[in-house]
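1. this one's structure only:
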């Protein structure tokens, strides 16, 4: 059991492993987009990076547009598909995006947990409190 | 007229402009320089003629960094002082916020946490404390700083780049007497 279980009750020793050091320099949304040098978020103050063509709001639609700038399109399942890469966007009970995870070639997922570490995990390991459920899946061709 | 400039500093400022390092004595006429040859080599290696206008122009350019430096970095007595009780309260709230926000990606959610809002509620005294914290360990204090000070000195190209954002704020804090 890692210290991350303090925040994520569904994480177990079996369903995740830590793959980086903790850092506040990038977040899950950036990590899903393969970036490690800036924090992506449509914050109200406009201080953080967000693709200029995407609405600066915390909605699934805004996240869909943001990732579309990198070639991702909405899809209807989270299954591993040869030649594709998928991103799962988590939402809380009110439908507000909370988190993004990127699928790995082995079918597991990789996430940056806020300012904490990157982990490799089963998708279910981050479901529930506090990130909620998967609200949308996007994919792009490799 | 006799003007002696004996600047012994040999360090460079943030703009990497070396100080001039010369002793110059102006003569009685505007165009004479006694004690110097026809041409003068400044501390930065620039060669100028010995006329008074040329020397004055050189000195003006060379010593601007000193004036700028004095303006940017206030003396310790001029840095905003914060009561110990406020400092202690800030540290408690900051520790709590860092723990509560560690797993969050949403800047909006981070800023809405009670501990963060209470830090903003400490008012102007919180700004130098946040800047000190930021200098030790970059974190997401930018919303609070903007709320307290009413400004955003982060350049657009630094948006989301936490270390660069922190450096922009620290520079602003030094320029405004909040950090030594």
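-> Done, it's in. Note that the structure is predicted; figures quoted are calculated from it, not measured.

2. neighbours of residue 117, how many?
-> Reading this off chain A. Look at residue A:117: counted by other Cβ atoms under 10 Å in any protein chain shown, it has 18 neighbours. Bear in mind the C-beta positions are built from the backbone N, C-alpha and C, glycine included.

3. that's the wrong chain, I meant chain B
-> Using other Cβ under 10 Å, residue B:117 has 14 other residues around it.

4. close to chain B: what parts of chain A are there?
-> By the criterion of Cβ under 8 Å from any Cβ of the partner chain, the positions of chain A lying close to chain B are A:4, A:7-8, A:22, A:24-25, A:27-30, A:37-41, A:43-50, A:58, A:96-100, A:112-116, A:130.

5. buried set for the helix or strand residue B:168 falls within?
-> Per DSSP states H and E: residue B:168 is located in helix B:162-175. In terms of neighbour count (16 or more other Cβ atoms under 10 Å in any protein chain shown), helix B:162-175 has its buried residues at B:162, B:164-170, B:172-174.

6. try stretch A:8-19
-> A:8, A:10-11, A:15-16, A:18.

7. measure that stretch end to end?
-> Start-to-end span of stretch A:8-19 (Cα to Cα, to the nearest Å) is 16 Å.

8. which outside residues touch that stretch?
-> A:1-2, A:4-5, A:110, A:113, A:117-122, A:124-131, B:103 (Cβ atoms under 8 Å, 6 or more residues apart in numbering or on different chains).

9. hmm, 10 Å instead?
-> Residues outside stretch A:8-19 that contact it (Cβ atoms under 10 Å, 6 or more residues apart in numbering or on different chains): A:1-5, A:108-113, A:116-131, B:103.

10. quick one: low-confidence ranges for the chain?
-> Went with chain A since none was named. Across chain A, residues meeting the criterion (pLDDT under 70) sit at A:1.

11. chain B was what I was after
-> In chain B (pLDDT under 70), the answer is B:1-79.

12. what ranges do the strands span in it?
-> Listed in chain order, the strands of chain B (DSSP state E) span B:25-26, B:33-34, B:39-41, B:47-49.

13. of the buried residues of helix B:162-175, which pair is most distant in space?
-> Across the buried residues of helix B:162-175, the longest distance by Cβ to Cβ is 18.8 Å; it joins B:162 and B:174.
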